[in-house]
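**Q** requesting a structural model of the entry that follows:
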Amino acid sequence: MADFNVLAISYDDPYAGQKFAKSLHETGFAILKDHPVSAAKIERMYDTWKSFFDRDDKAEFAVKPDEVHGYHGFKSENAKGSAHKDLKEFYHVYEDRPVPDGVEGETRPFQSEMIGIGRTLLGWLDDNSPENIKGALSEPLVEMVNGSNDSLLRILHYPPVEEDITPGEVRAAEHEDINLITLLVTGSEPGLQAKDKDGNWHDVPCQSGYITINSGDMLSKATQGYYPSTPHKVINPEGQENRSRYSMPLFVHPRPEVQLDEAQTAGEYLNERLREIGLK
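**A** Numbers count the residues shown, from 1 in each chain. As a prediction, this is how the structure comes out:
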């Protein structure tokens, strides 16, 4: 079995940047602990958005044609190459777009704090990547997100899994993320797994106080694969109570005109991938 040594790194560790770059390079994942986002703030976010998904009028906030923000109903997205829609519903929150009444007060401070941490993590990569990797970038990673309105806070609800689902349907099929890096505060229930280089799956710790970070396709493209975009998935409940699971990943995106490599800008790549997963 391949090593899958995902490091748990203290935000205040003087060597945090080096450890973060090492873990992301070797596994595509890292875990951040002792970070500024309080457990109370995370719990309030989950409570706030649980109330939204319980609302009878949530469909009134459905994403509109040619828009990116809003509510996406159950089974509205599939992983790239998957024959089945994922067993989830979700809401897309952007900094410059409106959100439903009742969630603004909790969501905006959480979103802002997570984006700030994301910028710190990209700065760590800028400081600790090999010189040839840094030299190949069109601009430093942290500068790629300057002025970006594309970073996405996705609030996910995975309902209890019905007994009569079609074989092969899962909460989130195997996929890689599109963006630079993803920051994920611990989900309300276990279920997230990541794949090592030998194709073995590993449970990602579901421990209070952790932020799980993984590199996305854009970071892998921009760094010529130095930071791999590791496949991951959310499995259906096994050996645990079959109840709702909530999750709140922040997908950190560059400005659309940022050149990822000689072939594509970030905006071109994003549109290509959104079409592949059924969101365009």
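
**Q** pretty sure Leu219 is in a helix, no?
**A** Yes - secondary structure of Leu219 (DSSP: H, G, I helix; E, B strand; the rest coil): part of a helix.

**Q** my guess is it contacts Ile181, does it?
**A** Yes - Leu219 is within contact range of Ile181, at 6.1 Å (criterion: C-beta atoms under 8 Å). (Glycine included, C-beta is placed from N, CA and C.)

**Q** between the two, which is the more surrounded one?
**A** Remark: of Leu219 and Ile181, Leu219 carries more neighbours, 28 against 24, as counted by other C-beta atoms under 10 Å.

**Q** how about His157: what's its closest non-neighbour residue?
**A** Phe53 (4.4 Å; C-beta to C-beta, 6 or more residues apart in numbering).

**Q** so the one you found touches Glu89, yeah?
**A** Yes - using C-beta under 8 Å, Phe53 is in contact with Glu89, at 6.7 Å.

**Q** okay, these two: which has more neighbours?
**A** Neighbour totals were compared for Phe53 and Glu89, and Glu89 leads with 20 against 17 (other C-beta under 10 Å).

**Q** let me know the secondary structure of the closest residue to the more buried one other than its chain neighbours.
**A** If the residues on either side of it in the chain are set aside, Glu89 comes closest to Phe74, at 4.6 Å by C-beta to C-beta, 6+ apart. Recorded secondary structure, Phe74: coil (three-state DSSP).

**Q** now Phe74: phi and psi?
**A** Here is the backbone geometry of Phe74 (degrees, to the nearest 10): phi -60, psi 140.

**Q** and it, how far from Gln259?
**A** The spacing between Phe74 and Gln259, counted by C-beta to C-beta, to the nearest Å, is 37 Å.

**Q** can you check Asn236 too?
**A** For Asn236, the distance to Gln259 equals 40 Å [C-beta to C-beta].

**Q** do you know how far the closest residue to Leu279 other than its chain neighbours is from Asn5?
**A** Spatial nearest neighbour of Leu279, excluding adjacent residues (C-beta to C-beta, 6+ apart): Glu77 at 6.1 Å. From Glu77 across to Asn5, the span is 31 Å (C-beta to C-beta).

**Q** please say which of the two ends up with more neighbours.
**A** Looking at Glu77 and Asn5 with other C-beta under 10 Å, you find the greater number of neighbours at Glu77, namely 20 against 11.

**Q** can you give me the end-to-end distance of stretch 227-241?
**A** End-to-end distance for stretch 227-241, by C-alpha to C-alpha, to the nearest Å: 35 Å.

**Q** now do the buried residues in that stretch.
**A** Neighbour counts over stretch 227-241 (16 or more other C-beta atoms under 10 Å) mark Tyr227, Pro228, Ser229, Thr230, Pro231, His232, Lys233, Val234, Ile235, Asn236, Pro237 as buried.

**Q** repeat that for stretch 86-100.
**A** Buried residues in stretch 86-100 (16+ other C-beta under 10 Å): Asp86, Leu87, Lys88, Glu89, Phe90, Tyr91, His92, Val93, Tyr94, Val99, Pro100.

**Q** so how far is it off the chain centroid?
**A** 13 Å (C-alpha atoms, centre = their mean, to the nearest Å).

**Q** that one - what's its average pLDDT?
**A** Averaged over stretch 86-100, pLDDT sits at 96.

**Q** ends of that stretch, how far apart?
**A** Stretch 86-100 has an end-to-end distance of 24 Å (criterion: C-alpha to C-alpha).

**Q** cool, stretch 165-180 as well?
**A** Taking C-alpha to C-alpha, the first and last residues of stretch 165-180 lie 33 Å apart.

**Q** any idea of the mean pLDDT in it?
**A** Average pLDDT, stretch 165-180: 94.

**Q** if anything else comes up later, I'll come back, but that's it for now.
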